[in-house]
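Student: Give me coordinates for this.
(chains A and B, ligands or ions: 3)
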Amino acid sequence: MVDSATKPQGAPAPKTNRIGLTLADYKGSPSTLCDGCGHDAITSQIIKACYDVGINPHQVAKLSGIGCSSKTPAYFLSRAHGFNAVHGRMPSVATGASMANKQLHLLAVSGDGDTASIGLGQFCHIVRRNIPMVYIVENNGVYGLTKGQFSATAEKGAKLKSGVQNELQSIDLCSLAIELGCGFVGRSFAGDPKQLVALLKAAMSHNGTAVLDVISPCVTFNNHEGSTKSYKYAKEHETPLHELGFVGFYEQITVDYEPGSVQEVAMHDGSKITLKKTDHDYDPKDRGKAISTIARANEEKQFLTGLLYVDESKSSFTDVMHLVDAPLATLPQDKVRPPKSALDEIMKSLM
Amino acid sequence: MKTLEADSAQKLEQGRVINDFSIQVATVNGSGSQSSNTVLMRSIFQMGIPVSGKNLFPSNIAGLPTWFTIRVNKDGWIARKKEIDILVAMNPQTAVEDVKSLRPGAVCVSPVELNLDKVRSDVRHYLVPFAQLASETTENIKLRKLVTNMIYVGVVAELLEIDQKEIDVAIAKQFEGKSKAIELNLTASNKGRQWAKENLKKEDPFYVEKMDKTAGKIIIDGNSAAALGCMFAGVTVVTWYPITPSSSLCESLSDYMHEYRIEEDGKATYAIIQAEDEIAAIGMALGAGWAGARSMTSTSGPGISLMGEFTGLGYFAEIPTVIFDVQRVGPSTGMPTRTHQADLMSTYQLSHGDTKHILLLPGSVEECYSMASAAFDLAERFQTPVFVLSDLDLGMNNWMSEPFKYPEQPMDRGKVLDAAELERLGKFERYRDVDGDGIPYRTLPGTDHPLAAYFTRGSGHNEKAAYTERPEDYVNLMNRLDKKYQTARKYVPKPELHESKNAKVGIIAFGSSHPAIMESLDQLKASNLQASYLRLKALPFTEELRKFVDQHEHVYVVEQNRDAQMRDLIRLELPEFSMKLRSVRHFDGLPLDARTVTDAILEQER
Ligand SMILES: Cc1ncc(C[n+]2csc(CCOP(=O)(O)OP(=O)(O)O)c2C)c(N)n1
Ligand code: SF4
Ligand SMILES: [Mg+2]
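Tutor: Ligands and ions are numbered 1, 2, ... in the order given. The predicted model follows:
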């Protein structure tokens, strides 16, 4: 490298990942969110996960809706194209982009307002179609950007700063996703970087829609006593289902576990998730149990985190559509305009 | 009683009306009359006589009244004709009203048991025992209704002297590949013909005679034509949500693509997605357009309303896509199966904020086809949503047309920079007006170059696509978008001028009004009024509009909406000519007819 000659003596070359990029290559512009916002903590883990797995930034398309959370794609992977859609409608944009270029890795960020209220319909349908993408919900129980109104994921009984109490039942996006047939559903916490980064990496290796509901405290509007989405509350109540590990397809790591203590999940691309058992005896491949476990935890005010459900056998929408191998977007004219003989044949049939 | 055969020789000398009349068939929705009416229309078409068919149907699957009108016209006028010459009154629910609406001297074919001859004695009645003929044709009670439809085709064919050969060919085409259906329908039509031959005395002047005016022509509806246009334009991502009258566009596109756009290995060069609603449909289309695909969606008024917010994003963030609006009668659910041109203004400025869009206005099935290509080229050239405003009359009715031409021009994919070009330029700013035409350059996601990426947003952005709320940046952006729109004036299809030397009166119209205007010009001439006609094909307007208005003393803007929307848009464009502009509006949901236009203009010119 030319540059190295001018570098001060002794300064270590920055560490690089398997494709030779530095962590800085995965960063975006500086965040404009409130200091301490959970969303920024998630951004850091997205950057780390992308660096760790060595994804090529230009092959990523970042997508989001509207909200503080939806602003964050500007704060990571500045070398990837980004699309900040309209409120609640990111899934449709993602669907179109995925059809246009199936080689893109879609990385999407939404909020609880963006997904569970205005965008609930599109959320359900993207899960139903199983568009290959990582769909992160940065869940703070409020509308941050419009100054702290309750969202549909706020627990019954949760209190706003003003003392107003939420009387309505919350929507649990994870059980909804599982119910809708989602093949990868995880829940995590912005304050649990280790688990979050492992889940993010695993989600990226899934062939289909991977939904990650990440509790992400809003320090400005929902981090007070009485909030059920504050750092304090989440820390106190977090109950990891397992200790999550991720071994990428490019890694040759074998770890010896005590027999029966670790469950391995083989991912679509050859990567592997390791789930080290805690007190819970939880099998994320059991759909019915996943739904009942989440329901019980919600009743008992437990905050369960980890890989809630996984099924690697589902076909993605790209598979179902039987698309040609090359991206539709850049197919040459002779592939997309049938020959004159085709038009002649059609015209004849109409005479 | 003299039979038809014996009678015809005698009739030759008397006043015959040849190849110039309209037939209306009144039936019940869902009764299967559509096939019979198509057979009747096709057989006349096959005889070389210009013909058009319009289906006036209710928003209902089965049981409500429906009317099919066939216009036969030797001069090639294919607009709706107000007066009915021959009524086939098969629907007991509406028969009395239907026969009352006829002019004296018209013809009425009806089931004998309806006793319509008691309702009107100044109409020439042919009473036919349809029920008896149907039961003689088939023992299957379920089939009798269908068979009855083909029996009236036989009766009418005999009365008009349509060759049975033509009926046979049309039946074979209609029921292609279904030999049983062909056989049954042939039997039924012959049954009607035979009965008429033996029992009816021809006492009306209407006849068809072979001509050579349809040789080499096709019959197609506008939605299928648009679908073909999209396929040959190279569309790759299609999204839609069912709505009358636009559904058949994407449905026939789906059929054509399945036939012609699957590779040898069974893989598709396209994706067609039935979305969960129109918001998702336009979102998908924009996502695909952003990622570089030729994308489109198709809808009607209610869907257009839902697409508002996303359309604004497409305009502001500069993303190409094509949106077909097959207009129906609004507001709200309105009359879903009736035709209108009332989405003009709201589509032109769809979305909040300062927006204006490129609109194409096809006036024929041929233009539904060719403007599809134009729309994709414009969308990608100008990096913006482009609307094609068709309507129910154009989209769902069958029209005669010259065969469509294979696109001569290669696809225009617009200003897209790839990695090599980025390398050469060494610089990329997404929203910078490099060429001075208001159109910036874009890159596609997936481009392997450190300069390629940018952030697309509907919020304020500067030339580098970074978030901004700086007043200068916003004004700069909005002015450039306006400049881009001004550039589009030179690229959109130019209006079509039908000039009449020294005419003081001008007519401006667009879309499906065209055939009625052409006929009206003829009628006006017969009333000693010379008029020139300018058919608009697009918004923004081109310079031809100003010239045309300038050259005429009065200009009548004819349109199918209540509020004279096009007239108002022209006023905004040419405020200095405001006083010259007059308006003819027709907005009852029926296709425009020439007489309405002619009378309205003569009235104001008096
Ligand atoms: C159509 C529309 N309605 C309302 C808004 C206003 N709005 C902006 S962000 C937001 C809520 C965002 O909440 P959430 O998705 O939870 O994001 P957070 O800010 O909490 O991260 C709303 C209602 C909008 N932008 N668009
Ligand atoms: S308002 Fe809340 S969600 Fe928004 S940036 Fe501030 S802390 Fe984060
Ligand atoms: Mg929120």
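Student: Give me the distance between the residue lying closest to A:M351 once chain neighbours are set aside and ligand 3.
Tutor: Spatial nearest neighbour of A:M351, excluding adjacent residues (CB to CB, 6 or more residues apart in numbering or on different chains): B:I218 at 5.4 Å. Yep, even glycine has a C-beta here, placed from its N, CA and C like the rest. Applying CB to the ion, to the nearest Å, the value for B:I218 to ligand 3 is 56 Å.
Student: Next, count neighbours for B:I218.
Tutor: Neighbour count for B:I218, taken as other CB atoms under 10 Å in any protein chain shown: 21.
Student: My guess is it contacts B:P403. True?
Tutor: Yes. Between B:I218 and B:P403 there is a contact under CB atoms under 8 Å: 5.3 Å.
Student: can you list residues touching both of these two?
Tutor: A:M347, A:L350, A:M351 (CB atoms under 8 Å, 6 or more residues apart in numbering or on different chains).
Student: May I ask which of the residues you listed has the most neighbours?
Tutor: A:M347 (20 neighbours).
Student: Just give the nearest non-adjacent residue to that residue, would you?
Tutor: B:P403 (4.1 Å).
Student: Could I get the contacting residues of A:L120?
Tutor: A:G88, A:A152, A:I171.
Student: contacting residues for residue 320?
Tutor: The chain I'm using is chain A. Counting by CB under 8 Å, 6+ apart, A:V320 has contacts A:N130.
Student: not what I meant, chain B
Tutor: Residues near B:P320 by CB under 8 Å, 6+ apart: B:G289, B:S295, B:G314, B:A379, B:E380, B:F382, B:Q383, B:T384, B:P385, B:V386, B:G414.
Student: Nearest spatial neighbour of it, chain-adjacent residues omitted?
Tutor: Distances taken as CB to CB, 6+ apart place B:A379 nearest to B:P320, at 3.9 Å, with adjacent residues excluded.
Student: And the residue nearest the centre of chain B, its phi and psi?
Tutor: Compute the mean C-alpha point of chain B, and by CA atoms, centre = their mean the closest residue is B:L394, 1.4 Å away. Here is the backbone geometry of B:L394 (degrees, to the nearest 10): phi -70, psi -40.
Student: pLDDT value on it, please?
Tutor: pLDDT recorded at B:L394 is 98.
Student: how close does it sit to B:V557?
Tutor: 19 Å (CB to CB, to the nearest Å).
Student: Same check on B:T321?
Tutor: Relative to B:V557, and taking CB to CB, B:T321 is found at 30 Å.
Student: Neighbour count: the two, which is higher?
Tutor: Shown here are B:T321 and B:V557; by other CB under 10 Å, B:T321 has more neighbours (32 against 25).
Student: how deep is B:H258 tucked in, by neighbour count?
Tutor: When neighbours are counted by other CB under 10 Å, B:H258 comes out with 12.
Student: Could I get the buried residue list for stretch A:284-298?
Tutor: A:P284, A:R287, A:A290, A:I291, A:T293, A:I294, A:A297, A:N298 (16 or more other CB atoms under 10 Å in any protein chain shown).
Student: can you map out the strands along chain A?
Tutor: In chain A, the strands defined using DSSP state E lie at A:60-64, A:81-84, A:105-111, A:133-139, A:142-143, A:149-150, A:184-189, A:209-215, A:238-240, A:242-247, A:262-266, A:272-277, A:303-310.
Student: The fifth one pairs with which strands, parallel or anti?
Tutor: The reference is to strand A:142-143. Looking at strand A:142-143 with DSSP bridges, its partner strands are strand A:149-150 (antiparallel).
Student: close to ligand 1, is the partner strand?
Tutor: No. Using CB under 6 Å from any ligand atom, strand A:149-150 stays clear of ligand 1, with a minimum separation of 7.6 Å.
Student: can you give me how far that strand is from the chain middle?
Tutor: Taking the mean of its C-alpha atoms, strand A:149-150 sits 23 Å from the chain's own mean (CA atoms, centre = their mean, to the nearest Å).
Student: Do me a favour and average the pLDDT over it.
Tutor: 96.
Student: can you tell if it touches ligand 3?
Tutor: No. Strand A:149-150 lies apart from ligand 3 when judged by CB under 5 Å from the ion; the minimum separation is 9.4 Å.
Student: ok, residues contacting that strand?
Tutor: By CB under 8 Å, 6+ apart, strand A:149-150 touches A:G141, A:V142, A:Y143, A:A158, A:L160, A:V164, A:N166.
Student: Buried residues, stretch B:105-116. List them.
Tutor: For stretch B:105-116, the neighbour count (16+ other CB under 10 Å) marks B:A106, B:V107, B:C108, B:V109, B:S110, B:P111, B:L114, B:L116 as buried.
Student: what sits against the last one?
Tutor: For B:L116, the contact set (CB under 8 Å, 6+ apart) comprises B:A89, B:A95, B:V96, B:V99, B:C108, B:S110, B:H125, B:L127.
Student: Could you list which of the residues you listed belong to helices?
Tutor: B:A95, B:V96, B:V99 (DSSP state H).
Student: pLDDT wise, what is the second one at?
Tutor: Going back to what we said before, that points to B:V96. pLDDT for B:V96: 96.
Student: residues near it, how many?
Tutor: Neighbours of B:V96 under the rule other CB under 10 Å: 16.
Student: Repeat that for the last one.
Tutor: Counted with other CB under 10 Å, the burial measure for B:V99 works out to 21 neighbours.
Student: surely it meets B:S121?
Tutor: No. Applying CB under 8 Å as the test, B:V99 and B:S121 come out as separate, 10.8 Å apart.
Student: hang on, the earlier thing: turn the buried residues of stretch B:105-116 into TSV, columns for distance to ligand 1 and pLDDT.
Tutor: Converted to TSV, those look like this (distance: CB to the nearest ligand atom, whole Å; pLDDT from 0 to 100):
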residue	distance to ligand 1	pLDDT
B:A106	56	97
B:V107	58	97
B:C108	57	98
B:V109	57	98
B:S110	56	98
B:P111	57	97
B:L114	56	97
B:L116	57	97
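Student: Just the closest of those residues to B:M41, please.
Tutor: B:V109 (16.1 Å; CB to CB).
Student: So what pairs up with the closest one in the strands?
Tutor: B:V109 forms beta bridges with B:V88, B:Y126, as assigned by DSSP bridges.
Student: and the gap between it and B:R124?
Tutor: Counting by CB to CB, the gap from B:V109 to B:R124 is 10 Å.
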